[in-house]
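J.: model this:
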Amino acid sequence: MMRALLAASLCAGWALAGTGLAHAQAYPTRPIRIVVPFPAGGPTDGMARIVSDRLGAVLGQTIVVENHGGGAGGSIGAKAVATADPDGYTILMTPGGALTTGPAVHRNIGYDPAKAKSLLAQAGYHMSGGVMTNAAGQKLAFTVNNIGDYSDWVASMQVIQQNLAAVGIKLTPHNLSNPDHVNDLNFGKFQLAFYDQQTFGPSAYYELNNWLNSANTAPVGKQAATNYERYSNPKTDALLDQYETTTSASEQQSILNKIQEVMVSDVPIIPVIEAVDWYQYDTGTFSGWPTPGNSYAQPAPYAYPDNEQVLLRLTPR
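T.: Coordinates of the predicted model:
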């Protein structure tokens, strides 16, 4: 919730600052819209209504909250605000994804729930009781394990749940304690699972090897190391092994390109959000820390092998 509020506060600040230059002391002279790029009732919508009450009292003007639920991680609503008149009367409230990873993931934002339903219909599904169902009575309804201890994870899952409901896919979260969630991951006791895997290193190979290498998995009921989804493909294993045995940067890139194709064709995992890095450091004694402007390594002290690179770059003051 803190990150969602921070993103909204920044957006509001930009809009009001621009208005001050254009309208001098006349702003605001009409109602202001706060666009929430998710359906009503979710965590972002709730925060928008809290902010709108206070903002209206401060500005002495009506604040209208509009919900633009339509998927694409909030990018649809963000695009609507980006194309609105830059007059300070349209404000976006959204988690950071629509502003950061959204433009990279959705280069041509054209998500259309109606088209998604049409594609599902072509695959033999029809809407029954609000859920897509095929001729055999199989419903697109799934359970997903989540960590209920983390409020941001619960909020993220609510957004995913709302977006999928818009196209007739029912998602039921199981909000577990952190230990129970990890235990179920390890032993394969889940249908879907929402999880981030902290992986470090200088290239995408390290994360992909954790997710995809069959050496890192185990049958359901036995403990897996990092390949929790139990993915196994000998051709993918061979590509990962080839990466380890070559020191040629061009060959490594060629191998990674092929592994990326595996991610698209086999869909062993479904990427939905981008995680962030955060840590604390003291510049009073040392300089050379990773910064937003020079993120040469993952900054956390437990990040191996990145922590070695950080130590090599630190300089006593």
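
J.: switch to C-alpha atoms for all contacts and neighbour counts from now on
T.: Will do.

J.: Quick one: low-confidence residue ranges for the protein.
T.: Confidence mapping of the chain against pLDDT under 70 gives the ranges 1-26, 41-42, 69-76, 95-112, 274-277.

J.: any chance you could map the strands in it?
T.: Ranges of strands in the chain, per DSSP state E, are 32-36, 63-67, 90-92, 126-128, 131-133, 141-147, 170-176, 192-193, 286-287, 315-316.

J.: out of those, deepest packed?
T.: Among the strands of the chain, strand 90-92 has the highest mean neighbour count (mean count of other C-alpha atoms under 10 Å), at a mean of 26.

J.: tell me which strands and helices that one is in contact with?
T.: If contacts are counted by 3 or more C-alpha pairs under 8 Å, 6 or more residues apart in numbering; DSSP states H and E, strand 90-92 sits against helix 2-23, strand 32-36, helix 75-82.

J.: Ok, which of the strands of the chain comes nearest L240?
T.: strand 192-193 (24.4 Å; C-alpha to C-alpha).

J.: Contacts made by that closest one with the rest, please.
T.: 142-146, 185 (C-alpha atoms under 8 Å, 6 or more residues apart in numbering).

J.: Likewise for stretch 195-207?
T.: The contact list for stretch 195-207 (C-alpha under 8 Å, 6+ apart) reads 146, 210, 240, 243, 256, 275, 297-298, 303-306.

J.: Let's have those in CSV, adding distance to I34.
T.: Formatted as CSV, these follow (distance: C-alpha to C-alpha, whole Å):
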residue, distance to I34
N146, 30
N210, 41
L240, 47
Y243, 49
L256, 42
A275, 26
A297, 37
Q298, 35
A303, 39
Y304, 43
P305, 44
D306, 41
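
J.: and which of these is nearest to R230?
T.: The closest of the contacts of stretch 195-207, once distances to R230 are taken by C-alpha to C-alpha, is N210, at 11.3 Å.

J.: Tally up the residues packed near the closest one, please.
T.: For N210, the neighbour count with other C-alpha atoms under 10 Å is 19.

J.: Equivalent analysis for the one 4 residues further on, please.
T.: Residues lying near S214 (other C-alpha under 10 Å) number 20.

J.: how about the residue lying closest to it once chain neighbours are set aside, what does it touch?
T.: Among residues not flanking S214 along the chain, S232 sits closest, at 5.0 Å (C-alpha to C-alpha, 6 or more residues apart in numbering). Contact analysis of S232 by C-alpha under 8 Å, 6+ apart lists 212-214.

J.: gap between the residue nearest the centre of the chain and M157?
T.: Geometric centre of the chain, nearest residue: I273, 1.6 Å, by C-alpha atoms, centre = their mean. Applying C-alpha to C-alpha, to the nearest Å, the value for I273 to M157 is 11 Å.

J.: List the beta-bridge partners for the nearest residue to H174 once chain neighbours are set aside.
T.: Closest residue to H174 apart from its sequence neighbours, by C-alpha to C-alpha, 6+ apart: N145 at 4.8 Å. When bridges are called by DSSP bridges, N145 pairs up with H174, A193.

J.: one step back: distance to M47 added to the contacts of strand 192-193, as CSV?
T.: CSV is the format used below for the contacts of strand 192-193 (distance: C-alpha to C-alpha, whole Å):
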residue, distance to M47
F142, 28
T143, 27
V144, 25
N145, 25
N146, 22
L185, 32
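
J.: Going by distance to H174, which of those wins?
T.: N145 (4.8 Å).

J.: so what's G137 up against?
T.: Neighbour list for G137: empty [criterion: C-alpha under 8 Å, 6+ apart].

J.: What distance do you get for it to G129?
T.: Distance, G137 to G129, by C-alpha to C-alpha: 12 Å.

J.: circling back: tell me which of the contacts of strand 192-193 is nearest to Q280?
T.: N146 (27.3 Å).

J.: Count the neighbours of G201 for me.
T.: Other residues close to G201 by other C-alpha under 10 Å number 15.

J.: now swap in the one 5 residues further on and tell me
T.: Counted with other C-alpha under 10 Å, the neighbours of Y206 add up to 13.

J.: Likewise for P39?
T.: Neighbours around P39, by other C-alpha under 10 Å: 20.

J.: ok, now how distant is A297 from Y304?
T.: The value you get for A297 to Y304, if C-alpha to C-alpha is used, is 10 Å.
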